[in-house]
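Student: The following block contains a protein sequence and its predicted model.
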Amino acid sequence: MDAKPYKINYYNNVECKNVDWLWYPYIPYGKITIIQGDPGDGKSTFALNLAAIVSNGETLPFINKKTALSAVVYQNNEDGKENTICPRLKACGANLDNVAYIDETDASLSMGDERLEKVLDETNARVLILDPIQAYFGNGTDMNRAGDIRPIMNRLSQMAARRNCAVILIGHMSKGKSANGLYRGLGSIDIAAAARSVLMIAKVPEESNVRILAHIKSNLAPLGDSIIFRINMNSTITWMNRSKLTIKDIMENDFKDADDKLDRAKFIIQDLLKNGKCSAKMILTECMNNGISKRTVNTAKEQLAIKSVKEKNGWYWIMARGEGDNE
């Protein structure tokens with residue numbers, strides 16, 4: 001058996017570098033990020049909006065500086081380009097001159113395909129999105145076998161590092177009810193293990209178009225706050241607020257009594273209004289941070305007979321006075 005090359009090195013010869021970020025602390029450059037969720041929860045919509053932001057060099061949610069303008073490679077194996085992907089990118093305002101893809105008509109693409117590195121070279125793209133991850137492991141790969149998965153993920157990690165490219169994998173999830181989202185990703189846990197950041201998108205109960213983006217794994221920075229966003233009819237996204245809610249909170253709230261949520265909403269509203277008026281936006285944010293939907297908040301407002309008052313800097317809520325009181 002031939003001897004393998006053998007060389008000893010020391011860490012004092014290594015040049016230390018800071019991590020470069022596309023979106024701190026959620027998506028690093030030069031690493032793999034996974035965005036996962038159940039079917040219909042908005043993973044692809046999120047990816048398309050992200051591609052639109054990068055392709056225009058615009059500002060990502062809740063950060064203070066613009067994103068570096070860059071090409072994006074968006075590879076999607078499930079949706080039609082002419083009737084789905086392109087119209088949705090246009091609706092998001094993407095610069096289509098900066099969003100590329102590899103034509104798979106003659107040959108399907110896989111993660112180990114040399115064309116991935118070529119397209120990054122030719123486009124100078126710093127963001128590569130594979131949607132969904134399950135479509136790009138290649139024929140004959142058993143996603144549940146670590147021996148099959150590890151070399152594929154290692155090659156992808158090395159390519160991301162060489163190109164200082166943010167590789168974003170969109171993943172479907174299993175049907176389990178584990179509150180730990182890492183263990184609901186389809187396939188071997190080695191897939192999530194290779195990623196430096198894992199994000200999970202889930203529906204907010206009672207709000208059909210509202211989603212929570214939760215940070216469930218981070219090797220390079222502290223876990224970021226969850227982000228609440230709304231998916232609009234034209235596939236655009238309205239970023240609502242940061243939140244301390246977790247996926248576990250959302251999943252547990254799925255099984256809580258609706259009356260309990262209403263009572264909690266009333267308690268929070270009354271507490272915020274005990275000293276007078278309070279911003280409607282602040283009340284809604286506080287309730288959503290406690291896992292209460294906007295619909296439930298409005299129901300509580302109605303039952304408490306809360307009044308809305310318009311002022312120069314926005315809407316405020318105030319407890320209604322008794323019939324004999326002055327306004």
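Tutor: Yep, it's here. Numbers count the residues shown, from 1 in each chain.

Student: Only the buried residues of stretch 143-154, if you could.
Tutor: Met143, Asp148, Ile149, Ile152, Met153 (16 or more other Cβ atoms under 10 Å). No exception for glycine: its C-beta is placed from N, CA and C like everyone else's.

Student: Please state the backbone phi and psi of the residue nearest to the spatial centre of the chain?
Tutor: The centre of the chain sits closest to Leu213, judged by Cα atoms, centre = their mean, with a distance of 4.6 Å. Dihedral pair for Leu213: phi -100, psi 110, per degrees, to the nearest 10.

Student: In terms of pLDDT, where does it sit?
Tutor: Turning to Leu213, the model gives it a pLDDT of 94.

Student: and it, bridged to which residues?
Tutor: Ile201, Ile227 (DSSP bridges).

Student: quick one on the thing from earlier: with secondary structure as extra columns, can I get the buried residues of stretch 143-154 in CSV?
Tutor: What follows is the buried residues of stretch 143-154, written out as CSV (DSSP: H, G, I helix; E, B strand; the rest coil):
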residue, secondary structure
Met143, coil
Asp148, helix
Ile149, helix
Ile152, helix
Met153, helix
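
Student: ok, now how distant is the residue nearest to the centre of the chain from Asn49?
Tutor: Distance of Leu213 to Asn49, computed by Cβ to Cβ, to the nearest Å: 11 Å.

Student: Next, format the buried residues of stretch 143-154 as a markdown table and append distance to Lys312 and pLDDT.
Tutor: Below are the buried residues of stretch 143-154 laid out as a markdown table (distance: Cβ to Cβ, whole Å; pLDDT from 0 to 100):
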| residue | distance to Lys312 | pLDDT |
| --- | --- | --- |
| Met143 | 57 | 77 |
| Asp148 | 62 | 87 |
| Ile149 | 57 | 88 |
| Ile152 | 58 | 92 |
| Met153 | 54 | 92 |
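
Student: wait, which of those residues is closest to Pro87?
Tutor: Met143 (31.1 Å; Cβ to Cβ).

Student: wait, isn't that closest one in contact with Ile149?
Tutor: Yes: using Cβ atoms under 8 Å, Met143 is in contact with Ile149, at 6.6 Å.

Student: Is it possible to get a markdown table of the buried residues of stretch 143-154 that adds distance to Pro222?
Tutor: A markdown table is the format used below for those (distance: Cβ to Cβ, whole Å):
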| residue | distance to Pro222 |
| --- | --- |
| Met143 | 30 |
| Asp148 | 33 |
| Ile149 | 27 |
| Ile152 | 29 |
| Met153 | 24 |
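
Student: now, among these, which is nearest to Arg163?
Tutor: Looking at the buried residues of stretch 143-154 and their distance to Arg163, the nearest is Met153, at 16.0 Å (Cβ to Cβ).

Student: which stretches of this structure have low pLDDT?
Tutor: Residues of the chain meeting the criterion pLDDT under 70: 1, 174-187, 250-260, 321-327.
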